[in-house]
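Novice: Sequence first, then the predicted structure:
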Protein chains: 2
Amino acid sequence: MATEAVGIDIGGTNVKIGRVDSRGAVQARAQIAAPVALPGEEAIERIAQAAAPLMAERAPRRVGVGCAGLIDSHRGVVHTSPNLPRWRDLGLGDLLAARLGAVVAVTNDANAFALAEARLGAGRGYPVVVALTHGTGVGGAVVVAGRVFGGVHGFAGEIGHTSVQWDGPPCPCGNRGCLELFVGRRGIVAAYLERCDWRPGVPAHDLAGGRREALDPRVIAQAAHQGEVAARETFERVGTILGAALADVSNMLDPSIFVVGGGVSLAGDLVLEPARRALAERAMARGVTQAPIVPAALGFEAGLIGAALFGLAGDETEGEG
Amino acid sequence: MATEAVGIDIGGTNVKIGRVDSRGAVQARAQIAAPVALPGEEAIERIAQAAAPLMAERAPRRVGVGCAGLIDSHRGVVHTSPNLPRWRDLGLGDLLAARLGAVVAVTNDANAFALAEARLGAGRGYPVVVALTHGTGVGGAVVVAGRVFGGVHGFAGEIGHTSVQWDGPPCPCGNRGCLELFVGRRGIVAAYLERCDWRPGVPAHDLAGGRREALDPRVIAQAAHQGEVAARETFERVGTILGAALADVSNMLDPSIFVVGGGVSLAGDLVLEPARRALAERAMARGVTQAPIVPAALGFEAGLIGAALFGLAGDETEGEG
């Protein structure tokens, strides 16, 4: 049984690589720019070159990969990835296994994040953990008894693409009114711009140097902390919609806890307090029980650590197929 | 190991009781009017009297109960039930176990329906089954590898009370814009009345004898089959909203199949075809895979059979807590 694995976290900007032990400690690191311009096989060769020096010398060599997109975990296939538009039905698992002489497990990046937080982070000890990455987009995963519930193919957990408005605006994913449209980065900026008074002297305006294109959730959160009403209202709305979506998840899955990470979650209680109120008002089991909503605990390497935990599990598949 | 159990299906009108074998065959039956007016313990005594003659003579005596409402399956407690408003935090499992000298498992009625359909009905052989009861209300459950996914307390599966419009009309459950408000019995009648031309000679009008209060989904379905445009549009809308909700479930749980039962499902493809189209347009995994949406197969005794299957499982709990 392996006690270390190499985790590979493929993001839109960088690929983070680390040798991680079973307690989640990162023993060695490497990083390369995300090979977004390369075709699939060349991109994988680039990643393999960076990972090779971190591989254990003795078998079993284990590698876990987390990647945004529609990932078939059973077959190690990346069907589509928003970060790597040239990847399409790419057999990432097999290619990397052959190149590195390792057992390779491939999963969605939010699944990796969730596994790390559920086993070692804020969800530790809870039987049913729903974890969300709340940033530019909204990803998620459900971890039951320390194992990601992947559904039949490993596609499960896409809470960001559940609809909060069935006839709402179209989402690039194909659905309408997706949660991500309302509470992801662009949704937050749009909600702020709808209600703000954009002129000098207004906190978000000045923090962004008067440039609308410099507005992002971090700037709006700062403005909210400085007391700007439009900024506070923006997060009130975002948190309420997030909490409404979590009430749906609560009614559907009856989880122990919600763990929220990602860039927007750094706004903390600005988002989480209205989310908790909405959950408390809307969930069917209110009065009997309520799952807490807590910030993630493992920081920016959670995805890397979770990928390695997947790698360690090896042939323990996550799907139910 | 028991090979038969007594199933008890507590509805709003009747309580159906049956001795059922492990293949789902009902060997003996009893039925009483639902004791809606009685306080909890007296109601249970009434049910126990009806069930006693069907009990096996030899241990282990197994009983499974399906009941609408918020049911804690681990503890056998009915927190609330819309059918039996006098039941509140009632220890149904313990009371019935003491009275009948049996091991008693208690679950939500939709869980019982889903278990029967997943093990013996339309979902047989599929690893992840999402089953819905689509009638006056909308219930549901997720069955993974032949076992209901109950979440921490057994409250999971309430797809009827997931929101399709986060700021929509309030639902008695506490949430807003619940699926059930749009596609349950009242929602269907309201959607029809909004678009119909209510006068003699119009099919639904005449089928209902000119009485609005006699309108129900069955009548509207008949009118649709007779070609009434407003009736067809009503089911088109209902099916589309149902399919949108199933796309959310698909994105969240990646199931193998959706099984739909209940009174409204008797409208068949009037509802299911637009639901299939909405699912095909909206689910993230479209193009790679799509879960079929099929009618339930076991008929009106599915809930009774499923309750008995829960009883047979005995101490095999359904929750994850």
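Specialist: Okay, I see it.

Novice: where does the closest residue to A:Val202 other than its chain neighbours land on pLDDT?
Specialist: Excluding the flanking residues, the one nearest A:Val202 by C-beta to C-beta, 6 or more residues apart in numbering or on different chains is A:Glu228, at 6.4 Å. C-beta: built from backbone N, CA, C; applies to glycine. With respect to pLDDT, A:Glu228 scores 98.

Novice: burial count for A:Glu228?
Specialist: 21 (other C-beta atoms under 10 Å in any protein chain shown).

Novice: May I have the phi/psi pair for it?
Specialist: phi -70, psi 120 (degrees, to the nearest 10).

Novice: Might you report the residue contacts of it?
Specialist: A:Glu228 makes contacts with A:196, A:202-204, as judged by C-beta atoms under 8 Å, 6 or more residues apart in numbering or on different chains.

Novice: run the last query once more with 7 Å
Specialist: By C-beta atoms under 7 Å, 6 or more residues apart in numbering or on different chains, A:Glu228 lies in contact with A:202-204.

Novice: Just the closest of those residues to A:Val128, please.
Specialist: Distance to A:Val128, by C-beta to C-beta, is smallest for A:Ala204 among the contacts of A:Glu228, at 37.9 Å.

Novice: For that closest one, pull up the helix or strand it's in.
Specialist: For A:Ala204, the element it lies in under DSSP states H and E is helix A:203-207.

Novice: in that helix, what's buried?
Specialist: Neighbour-count burial for helix A:203-207, counted by 16 or more other C-beta atoms under 10 Å in any protein chain shown, picks out A:203-205, A:207.

Novice: Just send those residues back as TSV, with pLDDT too.
Specialist: Converted to TSV, those look like this (pLDDT from 0 to 100):
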residue	pLDDT
A:Pro203	97
A:Ala204	98
A:His205	97
A:Leu207	97
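
Novice: and those residues near chain B, which?
Specialist: The subset of the buried residues of helix A:203-207 within reach of chain B, by C-beta under 7 Å from any C-beta of the partner chain, is empty.

Novice: ok, so of the residues you listed, who is nearest chain B?
Specialist: Nearest to chain B out of the buried residues of helix A:203-207 is A:Ala204 (C-beta to the nearest C-beta; 24.5 Å).

Novice: Contact partners for the closest one?
Specialist: A:192, A:196, A:215, A:219-220, A:223, A:228, A:231.

Novice: where in chain A is pLDDT low?
Specialist: A:1, A:314-321 (pLDDT under 70).

Novice: The stretch 151-300 of chain A against chain B: which residues are in contact?
Specialist: Residues of the stretch 151-300 of chain A lying near chain B (C-beta under 7 Å from any C-beta): A:151-153, A:155-159, A:161-166, A:173-176, A:241, A:244, A:247-248, A:251-256, A:281-282, A:284-286, A:288-289.

Novice: Mind giving me the PyMOL command for buried ones among these?
Specialist: Burial among those is assessed by 16+ other C-beta under 10 Å; the matching PyMOL selection reads:
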select buried, chain A and resi 151+152+153+155+156+157+158+159+161+162+163+164+165+166+173+174+175+176+241+244+247+248+251+252+253+254+255+256+281+282+284+285+286+289
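
Novice: Name the helix or strand for whichever residue of the stretch 101-250 of chain A sits closest to chain B, please.
Specialist: Chain B sits closest to A:Gly151 of the stretch 101-250 of chain A, with a gap of 2.3 Å, by C-beta to the nearest C-beta. Assessed by DSSP H and E, A:Gly151 sits outside every helix and strand.

Novice: In space, what's closest to it - neighbours in sequence excluded?
Specialist: Once flanking residues are discounted, A:Gly151 sits nearest to B:Asp254: 2.3 Å by C-beta to C-beta, 6+ apart.
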